[in-house]
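# With the sequence up front, the predicted model follows.
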Amino acid sequence: MGLIPGLSFSLKRAVGISGLKTKIARKTGIPTSKQGLERKIGNAILKEVIGKKK
């Protein structure tokens, strides 16, 4: 636990990995998080099964 409540440090953020992943996700349209990827795949499957919404 940190010394100051509400203040945390992220090595990935400091190095720039988080920003790079965000840029890639925005340009390709493919989420880099597991939850985002699952949501995108699930929506695509539902569109095929149910049909496209108007």
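Cool, got the structure.

# And the residue nearest the centre of the chain, how far from I50?
Nearest to the geometric centre of the chain sits S33, at 3.8 Å (CA atoms, centre = their mean). Per CB to CB, to the nearest Å, S33 is found 25 Å from I50. All C-beta spots, glycine's among them, are computed from the backbone N, C-alpha and C.

# How about residues contacting the helix or strand bottoming out on mean pLDDT in the chain?
Lowest by mean pLDDT, DSSP states H and E among the helices and strands of the chain is helix 11-15, with a mean of 85. Helix 11-15 has contacts (CB atoms under 8 Å, 6 or more residues apart in numbering) with 18-19.

# so how far is the next helix or strand after that helix off the chain centroid?
Once the chain leaves helix 11-15, the next helix or strand it forms, by DSSP states H and E, is helix 17-28. Centre-to-centre, helix 17-28 and its host chain are 9 Å apart (CA atoms, centre = their mean, to the nearest Å).

# CA atoms only: put helix 17-28 into PDB for me.
Extracted in PDB, the C-alpha atoms of helix 17-28 (Å, rounded to 0.1, in the frame of the first residue of the first chain):
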ATOM      1  CA  ILE A  17       3.300   1.000 -22.700                       C
ATOM      2  CA  SER A  18      -0.200   2.000 -21.800                       C
ATOM      3  CA  GLY A  19      -0.200   5.000 -24.200                       C
ATOM      4  CA  LEU A  20       1.200   2.800 -27.000                       C
ATOM      5  CA  LYS A  21      -1.500   0.200 -26.500                       C
ATOM      6  CA  THR A  22      -4.200   2.900 -26.600                       C
ATOM      7  CA  LYS A  23      -2.800   4.300 -29.900                       C
ATOM      8  CA  ILE A  24      -2.700   0.900 -31.500                       C
ATOM      9  CA  ALA A  25      -6.300   0.100 -30.300                       C
ATOM     10  CA  ARG A  26      -7.600   3.300 -31.700                       C
ATOM     11  CA  LYS A  27      -5.900   3.000 -35.100                       C
ATOM     12  CA  THR A  28      -6.800  -0.700 -35.700                       C
END
